[in-house]
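**Q** Generate a structure from the sequence data that follows.
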Amino acid sequence: MNDDSHLRRVVFADRLLDVAEFTHAHWFFGNLYEVLVKVPHRLASSEASSELPRSPFGAGSPGRYYAPIAPINAPAAIGALVAGWDRPSTRVPLIVAAASSATGAAATAYVLRFLNPKLFFSPLPPGEDQRRPLLQRWYRIHAVRLIASAVALAAIHHARTDRLRNP
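**A** Residues are numbered from 1 along each chain as shown. Take a look at the predicted model:
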């Protein structure tokens, strides 16, 4: 019975790492895409129309791509930390992953609450005098999100690789 419960715990920890790695890869590459193609500049200057409303899930908004997976990021990383705590060799990378994921989640909450509504979802786009400082702040906070997602992804990958090498 004890071997069975240990095996289930190991399998559960491995599955959580799988989910965490996938969701953090999704998050990192989505964040990278937003910066490379300057999604905020495009969305912040677009006028609303009947075909393209200024909404979180309107055309061009990355919200519809993040919404199904983003809420799983931090819980998956924290769950992997809890489930994998019994393995000292992966403890540090899992702590780093959970802390980075939580940092990125906090930065995302700030962006979603305080910047995105003003930049992207008001009935009319903000004027240039308002848009420029908001975009600068958006990109600074987004850099934190990008770094946090990269660090979390690398740490999760390290922990998964260690678990695969040393079962």
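**Q** Go ahead and flag the most central residue of the protein.
**A** In the chain, the residue lying closest to the centroid (C-alpha atoms, centre = their mean) is Trp27, at 4.0 Å.
**Q** can you tell me the average pLDDT over the helix or strand where it lies?
**A** Using DSSP states H and E, the element containing Trp27 is helix 2-36. What helix 2-36 shows for mean pLDDT is 91.
**Q** which helices and strands does that helix pack with?
**A** Secondary structure elements in contact with helix 2-36, counted by 3 or more C-beta pairs under 8 Å, 6 or more residues apart in numbering; DSSP states H and E, are helix 63-66, helix 73-83, helix 88-110, helix 128-165. In this view, the C-beta of every residue, glycine as well, is placed from N, C-alpha and C.
**Q** Any idea which of those helices gets closest to Glu34?
**A** When these are compared by C-beta to C-beta, helix 128-165 sits nearest Glu34, at 6.9 Å.
**Q** Report the buried residues of the closest one.
**A** For helix 128-165, the neighbour count (16 or more other C-beta atoms under 10 Å) marks 131, 134-135, 138, 141-142, 144-160, 163 as buried.
**Q** Run through the neighbouring helices and strands of it.
**A** helix 2-36, helix 39-44, helix 73-83, helix 88-110, helix 116-120.
**Q** redo that, cut-off 6 Å
**A** Packing contacts for helix 128-165, counted by 3 or more C-beta pairs under 6 Å, 6 or more residues apart in numbering; DSSP states H and E, involve helix 2-36, helix 39-44, helix 88-110.
**Q** now the first one: how far from the chain's centre is it?
**A** Between the mean C-alpha location of helix 2-36 and the chain-wide mean there is a distance of 12 Å, by C-alpha atoms, centre = their mean, to the nearest Å.
**Q** what angle do that helix and helix 128-165 make?
**A** Orientation note: helix 2-36 sits at an angle of 150 degrees relative to helix 128-165 (axes from the mean of the first three to the mean of the last three C-alpha atoms, to 10 degrees).
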